[in-house]
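Trainee: Show me how the following folds:
(one chain, ligands or ions: 1)
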Amino acid sequence: VIIMKIARDNMKKGLFITFEGNDGSGKSTISNMLYESLKKAGYPVILTREPGGDRIAEAIRNLILDPNNTDMDARCEALLYAASRRQHLISKVVPAIEAGKIVLCDRFIDSSLAYQGVGRAIGFDAVYQINQFAIDEHMPDRTLFLKLSPEEGLKRIQDRSFKDRLDQESQAFHDRVAEGYQQVLRQFPKRIHIIDASQSIEQVFQDCYEEIMALVKEHENGNS
Ligand code: TMP
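Mentor: Take a look at the predicted model:
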């Protein structure tokens with residue numbers, strides 16, 4: 001009985017799955033579709049996003065993305081993303097994982113590594129370190145990277161009526177972000193799976209759904 005209790009206590013509860021990609025790669029559309037499908041199939045699932053996903057974190061999001069804040073220092077920006085990450089993680093993500101849910105999160109630490117670390121040239125390691133302080137050991141179980149060229153991504157967001165401060169950045173910035181993601185992929189090859197986001201929405205959805213189902217099955221077997 002005691003051994004079984006220890007095994008149950010050690011059992012990892014829910015799953016933490018994040019979505020990454022350049023602006024315009026389709027993360028929000030796809031994560032919404034996945035959320036609806038998993039819910040319909042009866043899985044306990046929540047969908048959330050960064051920066052934001054919680055009252056305080058949303059306030060930080062507004063501060064970061066306000067197009068008027070063009071004078072924001074790059075390290076200040078990186079710290080604000082990490083602060084909003086911490087708040088959202090503790091108030092929303094961790095409790096959901098503890099309750100056995102599948103957490104789908106639109107962006108997480110890899111965005112900071114690519115956008116602030118490489119895009120803003122603060123340095124990959126420096127950004128990794130401040131994020132370690134923010135997240136402790138809470139790394140995602142799996143990350144789906146929606147791969148699309150930055151040109152194609154920017155073309156897709158061209159028609160958006162509202163462009164936030166980062167959407168308004170130059171092509172050169174977005175090219176550096178794409179380079180940053182390449183570095184992220186080299187650093188975490190096991191955790192991150194690449195999805196070809198240039199395909200039809202249905203196909204991108206299908207590829208993501210299969211990845212998630214494989215992970216869910218693996219998780220169920222590990223816990224049984
Ligand atoms: P969103 O458009 O996916 O809602 O994200 C808002 C912007 O914030 C997007 O341009 C990417 C950027 N971002 C960072 O620069 N660093 C981060 O850590 C996160 C989470 C987002």
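Trainee: Contact partners for Leu38?
Mentor: Contacts for Leu38 (C-beta atoms under 8 Å, 6 or more residues apart in numbering) come out as 45, 102, 104, 212. C-betas here are computed from N, CA, C, even on glycine.
Trainee: One more: Ser149?
Mentor: The contact partners of Ser149, taken as C-beta under 8 Å, 6+ apart, are 178, 198.
Trainee: do the same with the one 5 residues further on
Mentor: With contacts defined as C-beta under 8 Å, 6+ apart, Leu154 is in contact with 23-24, 171, 174.
Trainee: could you dump those residues to a markdown table with secondary structure and neighbour count?
Mentor: Below are those laid out as a markdown table (DSSP: H, G, I helix; E, B strand; the rest coil; neighbours: other C-beta atoms under 10 Å):
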| residue | secondary structure | neighbour count |
| --- | --- | --- |
| Asp23 | coil | 20 |
| Gly24 | coil | 22 |
| Gln171 | helix | 10 |
| His174 | helix | 23 |
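Trainee: Specify which member of those is nearest to the ligand.
Mentor: Asp23 (4.9 Å; C-beta to the nearest ligand atom).
Trainee: Tell me the backbone dihedrals of that closest one, please.
Mentor: Backbone torsions for Asp23, taken as degrees, to the nearest 10, come to phi -60, psi 140.
Trainee: number of nearby residues for Thr70?
Mentor: Residues lying near Thr70 (other C-beta atoms under 10 Å) number 8.
Trainee: can you list contacts of the helix or strand containing Asn62?
Mentor: In this assignment (DSSP states H and E), Asn62 forms part of helix 55-65. Contacting residues not belonging to helix 55-65 are listed as 50-52, 69, 72, 77, 80-81, 83-85, 87-88, 91, 164-166 [C-beta under 8 Å, 6+ apart].
Trainee: What's the separation between Ile64 and Met213?
Mentor: From Ile64 across to Met213, the span is 34 Å (C-beta to C-beta, to the nearest Å).
Trainee: Apologies, that question was intended for Glu169.
Mentor: Distance of Glu169 to Met213, computed by C-beta to C-beta: 36 Å.
Trainee: Same drill for these two, tell me which one is more crowded.
Mentor: Neighbours per residue (other C-beta under 10 Å) separate Glu169 from Met213, with Glu169 holding more: 18 against 13.
Trainee: so how far is Lys163 from that one?
Mentor: Distance from Glu169 to Lys163, counting by C-beta to C-beta: 10 Å.
Trainee: got it, and Leu65?
Mentor: On the measure of C-beta to C-beta, Leu65 and Lys163 end up 10 Å apart.
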